[in-house]
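Asks: Got a sequence here, can you model it:
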Amino acid sequence: MRIFARSLLGVVFALCLAIAAGGALAADKGKAYFDGKTAEWIVTTAPGGGHDYWGRLLANTMEKKLPGSKFVVKNRPGAGHIIGVNLIYTAQPNGLTMGNFTTGLVYSQVLKQKGIRFDLAKMSWLGKLASEPRTMSVGKDSKYKTFEDILNAKETLKFSASGVGSGSYTDSFMVGTAFGLPYKIITGYSGSQAALAILRGELDILMGSEDSALTYQRAGRLRVIMQVGGSVKGIQDARAYAKNPQAKAVMKLLANMGQLSRIAAGPPDIPADRLSALRTAFKESVEDKDFVAAAKRAGRSLEPAYGEDVQKRIVELMDQPSEVVALLKRLSTVKVDMMQHVGPVSQIKKEGRTIFIKHEDKEVSAKVSGSRTTLTVNGNSVKRKEIKVGMTCTFTYPRPGAEAKRVDCKN
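Replies: Have a look, this model is predicted:
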């Protein structure tokens, strides 16, 4: 019996070695394919910002891991990452087109959002770079000391969000609705603006990533009182307070979404050997000491996962219960009160990300998103860089200084 067991173990060990060797051979064969080839890395946002930073760092490092290859970064923003991912998905499956984008597209696909030509579950996944557990923060002197205080609130809670469709808006809507809170989402505040507004008493709550929340807490501005699937000691996890099926399903979704950030993939059906080479290059890049050092210098945390593991998690995220789908459908129909201001463009900053106009002898500004703001000149759709000083523009936004829903200009 012992001899048989030892023989069986030997066979299993040999099979494992053979499988590992086969994978290595496939990766080596695929690696040779990229010698002399030009690969296109698509960033689904405009230049600047987190997605662009990671995309360029990845492309630059993967080029070194695939000798003889050249990686070219192309920014393809629009429609909340949908345009860029459509381009990745419909590209030739030869291993020469890939890119990075937002996990928020899970929501878009579950809702069958107009314009989608991709199926995330079928893409050739390279991996993910980070985790961004969701958190709830209040002002350092807020009367709400714990998450239980929020759950027992009688007054309307004012959540902050940069705009409808933003991550902060979705998180606020999901948490507020799942727990039956008396709440209102105030749009037009992002990042540090929201933190300052909370300190002034204009807002009560900021939903955001763990990294950002802890930065504000260390600066003495905000206090983190809740997390969803995070690892911050002493902070309550909202999942423990989810009592009904809808709340439990929503918390599970937010926790799983928080574990997948800065995701990267190529189109379906990339040949196995080339995909193996790309996954190996991705892994080697993310674990490269220079890559890690660059991320650290930029203040960006790394928590990677790779290939099939990420693909499995994406497939699981796509399978949402009816309670969550119904909630997301409600989110997609939300309307926000807007105002309009008209005037000549007086200045443009940050390559069109902030535009100023003179409205009734007062200068007002609007933030312009490359994916969420609709821009036109003489009725034609344009990009931010095409807006010029002197044009007469109409801002449609929730308030001055906020992200605009539309910027319509005439020259």
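
Asks: OK, contacts around the most centrally placed residue in the chain?
Replies: Compute the mean C-alpha point of the chain, and by CA atoms, centre = their mean the closest residue is T102, 3.5 Å away. Residues in contact with T102, defined by CB atoms under 8 Å, 6 or more residues apart in numbering, are 44, 51, 80-81, 263. For the C-beta atoms, the positions are set from N, CA and C on the backbone; glycine is no exception.

Asks: Could you list the low-pLDDT ranges of this protein?
Replies: 1-27 (pLDDT under 70).

Asks: From the recorded domain assignment, give the ranges for it.
Replies: Following automatic domain parsing, the chain resolves into domains at 2-128+259-325, 134-254, 339-410.

Asks: All the strands of the stretch 101-250 of the chain, residue numbers only.
Replies: Assigned by DSSP state E, counting those that start in this stretch, the stretch 101-250 of the chain shows strands spanning 124-130, 134-139, 157-161, 183-187, 205-209, 222-228, 236-237.

Asks: L199: which of those strands is closest?
Replies: strand 134-139 (5.5 Å; CB to CB).

Asks: quick check: angle from that closest one to strand 205-209?
Replies: Angle of strand 134-139 versus strand 205-209, following axes from the mean of the first three to the mean of the last three CA atoms, to 10 degrees, is 140 degrees.

Asks: May I have the strands that pair with strand 134-139, each with its orientation?
Replies: Using DSSP bridges, the strands paired with strand 134-139 are strand 205-209 (antiparallel), strand 222-228 (antiparallel).

Asks: Count residues in the vicinity of E316, would you?
Replies: 12 (other CB atoms under 10 Å).

Asks: If you could redo that for S332, that was the one I meant.
Replies: S332, neighbours per other CB under 10 Å, totals 12.

Asks: one step back: drop anything exposed from the contacts of T102.
Replies: If you count burial by 16 or more other CB atoms under 10 Å, the buried members of those come out as 44, 51, 80-81, 263.

Asks: Now the two most distant members of those residues.
Replies: G80 and I263 (14.6 Å).

Asks: CA atoms only: put the longest strand along the chain into PDB for me.
Replies: For the chain, the longest strand by residue count, based on DSSP state E, is strand 339-349. Provided in PDB are the C-alpha atoms of strand 339-349 (Å, rounded to 0.1, in the frame of the first residue of the first chain):
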ATOM      1  CA  MET A 339     -28.800  75.600 -13.000                       C
ATOM      2  CA  GLN A 340     -27.500  77.400 -16.100                       C
ATOM      3  CA  HIS A 341     -25.000  80.200 -16.300                       C
ATOM      4  CA  VAL A 342     -24.000  81.900 -19.600                       C
ATOM      5  CA  GLY A 343     -21.100  84.100 -20.500                       C
ATOM      6  CA  PRO A 344     -17.800  84.500 -22.400                       C
ATOM      7  CA  VAL A 345     -14.900  82.200 -21.500                       C
ATOM      8  CA  SER A 346     -12.400  84.200 -19.500                       C
ATOM      9  CA  GLN A 347      -9.800  81.500 -18.700                       C
ATOM     10  CA  ILE A 348      -9.100  77.800 -19.100                       C
ATOM     11  CA  LYS A 349      -7.000  75.800 -16.600                       C
END
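
Asks: Pairing partners for it, with directions?
Replies: Strand 339-349 is paired, per DSSP bridges, with strand 354-359 (antiparallel), strand 392-397 (antiparallel).

Asks: and the last one, how far from the chain's centre?
Replies: Between the mean C-alpha point of strand 392-397 and the mean C-alpha point of its chain there is a distance of 27 Å (CA atoms, centre = their mean, to the nearest Å).

Asks: which residues sit against the following helix or strand past that strand?
Replies: Per DSSP states H and E, the first helix or strand lying C-terminal to strand 392-397 is strand 406-410. The set of residues external to strand 406-410 that reach it, using CB under 8 Å, 6+ apart, is 345, 355, 366, 368, 373-378, 387, 391-396.
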